[in-house]
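Q: Fold the following and give me the result.
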Amino acid sequence: MALKSVGSKDQRTSRAFKDIAMAFGKNPFTDDINAVKNDNSIKSAIKNLVLTTPGEKPFQPLVGSRVNDLLFEPLDPFTADALQEEIINTINQFESRVRLEDVQVQPIHNRNMLNITIVYQVVGQPITESFSFVLQRPE
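A: Numbering: from 1, shown residues only. Prediction:
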């Protein structure tokens, strides 16, 4: 969610992003809920979007991805490709703050996991960001 826009049409526009931290921890100084800001906010939103199953979000049944369903498929190149396409489509469809540059899905066969790396650029900013996380079947 864009909180503020600074500048005019002649100047470069900068944005700040702020979301609620998913741990719902309490800030000891303000007694308010913890927040994540800017690049961490976007990384958290992308990861949550990818891990959300369609129908899980109230009043928005189409938001999410089929990633959790694909984790129960055999760990082969076809599943890795399907996961990569699902992540690309989900981010492109539901996260308008970023321009996706690359998604890499690397199977870790001996641990039955997948390492996901997402590379993106925040719209209106020249900096490329990336982050990685691991997907694994729930036990």
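
Q: Packing partners of the longest helix that the chain contains?
A: Assignment by DSSP state H gives helix 77-94 as the longest helix of the chain. Packing contacts for helix 77-94, counted by 3 or more CB pairs under 8 Å, 6 or more residues apart in numbering; DSSP states H and E, involve helix 38-51, helix 67-70, strand 98-108, strand 113-122. In this view, the C-beta of every residue, glycine as well, is placed from N, C-alpha and C.

Q: now the angle from that helix to strand 98-108?
A: Between the axes of helix 77-94 and strand 98-108, defined by axes from the mean of the first three to the mean of the last three CA atoms, to 10 degrees, the angle is 160 degrees.

Q: which residues touch helix 77-94?
A: 46, 49-50, 63-67, 70, 73, 98, 100, 103-107, 114, 116, 118, 120, 135 (CB atoms under 8 Å, 6 or more residues apart in numbering).

Q: just to revisit the earlier point, export the helices and strands packed on helix 77-94 as CSV, with columns for distance to residue 130, mean neighbour count and mean pLDDT.
A: Written out in CSV, the entries for the helices and strands packed on helix 77-94 read as follows (distance: least, CB to CB, whole Å; neighbours: other CB atoms under 10 Å; pLDDT from 0 to 100):
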stretch, distance to residue 130, mean neighbour count, mean pLDDT
helix 38-51, 9, 18, 84
helix 67-70, 18, 16, 94
strand 98-108, 8, 16, 95
strand 113-122, 4, 18, 95
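
Q: Spatially central residue for the chain, please.
A: For the chain, the residue whose C-alpha lies nearest the mean C-alpha position (CA atoms, centre = their mean) is residue 46; its distance is 1.1 Å.

Q: how near is that one to residue 103?
A: Distance from residue 46 to residue 103, counting by CB to CB, to the nearest Å: 10 Å.

Q: tell me the contacts of residue 120?
A: Applying CB under 8 Å, 6+ apart, one finds that residue 120 lies in contact with 42, 46, 91, 98, 99, 100, 101, 128, 129, 130.
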